[in-house]
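1. Below: sequence and its predicted model.
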Amino acid sequence: MNTAILYSYIESPLGDLCARGDGEAVTGLFLPEHKRWAGPAAWQRADSPFLELRRQLTEYFAGQRMWFDVPLRSAGTTFQQRVWQQLLQIPFATTITYQELARRIGQPSASRAVGHANGRNPISILVPCHRVIGASGKLTGYAGGLDKKHWLLDWERSVIGGSDSHPANLVWSSRTF
C-alpha cells in the first residue's frame with residue numbers, strides 16, 4: 001500500500017469535491033467547507049488514481065448511477081466501521097433515522113453514538129451518511145452542511161421521480177470497505 005496521501009479535486013454541482021486516497025482506495029471525499037477536514041496541505045496532488053471515482057461521480061450527478069463501485073478504505077473504531085458499513089446498505093433516494101441505523105447495527109439504544117459515528121464518516125456521498133435523518137423526519141447534522149444534505153436528498157429523489165421504479169440505465173453496484 002502506498003503511504004503517501006494523494007488527492008484530487010472533482011467538479012460537482014455542490015462545488016469542488018476533494019477526493020483523498022492512498023493510490024489503491026478512496027479514503028476520503030470532502031465537500032466544500034466540510035467540517036473536521038484538514039487537508040490537503042501535506043498531501044500529494046495526483047489526478048490519475050481518481051479517474052474511476054471521477055467517472056462514477058459524473059454518472060451519479062448525471063442521474064445514471066445509484067451506487068459506487070470503487071475501492072474504499074477508512075480508518076475508524078470498530079463501532080464506526082459497523083455504522084459506516086450499514087450506511088452502504090441504505091438504498092438510493094431513501095432515508096432512515098439514526099434510531100433505525102442503531103437498530104440495524106444491533107444497538108437500538110445507541111442512536112446518539114450512531115449519530116456521532118455517522119458525522120465522522122470521511123467518505124461523503126459514496127458512503128451515504130446524507131441518507132440518515134432525525135427521528136422527527138427533519139434533516140440534522142451533516143459535516144458537508146445541511147444545505148448540501150438537502151440538495152443530495154432532493155437530487156436522488158428527482159432521479160427516480162419519486163416513484164418505486166428505477167430507470168434501466170442506472171448502475172446498481174456497491175463495494176464494501
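-> Done, it's in.

2. from here on, contacts and neighbour counts on C-alpha atoms
-> Noted.

3. In the protein, which helix is the longest?
-> Longest helix in the chain, counting residues (DSSP state H): helix 146-160.

4. Show me what that helix is packed up against.
-> Helices and strands in packing contact with helix 146-160 are not found; criterion 3 or more C-alpha pairs under 8 Å, 6 or more residues apart in numbering; DSSP states H and E.

5. what residues are up against residue 103?
-> Contact analysis of residue 103 by C-alpha atoms under 8 Å, 6 or more residues apart in numbering lists residue 109.

6. Give me the distance between it and residue 58.
-> Remark: distance between residue 103 and residue 58 (C-alpha to C-alpha, to the nearest Å) = 33 Å.

7. re earlier: in the longest helix of the chain, which residues are buried?
-> Of all the residues in helix 146-160, those buried under the rule 16 or more other C-alpha atoms under 10 Å are 148, 149, 152, 153, 155, 156, 159, 160.

8. Just give the nearest non-adjacent residue to the third one, would you?
-> What sits nearest to residue 152 in space, not counting adjacent residues and going by C-alpha to C-alpha, 6 or more residues apart in numbering, is residue 130, at 7.3 Å.

9. Tell me, how many residues neighbour the nearest residue to residue 26 once chain neighbours are set aside?
-> Excluding the flanking residues, the one nearest residue 26 by C-alpha to C-alpha, 6+ apart is residue 72, at 4.8 Å. Counted with other C-alpha atoms under 10 Å, residues neighbouring residue 72 total 18.

10. so residue 72 makes contact with residue 25?
-> Yes: the criterion here is C-alpha atoms under 8 Å, and residue 72 meets it with residue 25 at 5.0 Å.

11. just how off-centre is the helix or strand hosting residue 29 within its chain?
-> Using DSSP states H and E, the element containing residue 29 is strand 26-30. Centroid separation for strand 26-30 versus its chain: 9 Å, with C-alpha atoms, centre = their mean, to the nearest Å.

12. Would you mind identifying the next helix or strand past that strand?
-> Toward the C-terminal end, the helix or strand that comes next after strand 26-30 (DSSP H and E) is strand 44-45.

13. partners of that next one in the sheet?
-> Strand 44-45 pairs in its sheet with strand 6-10 (parallel), by DSSP bridges.

14. This completes my enquiry, with thanks.
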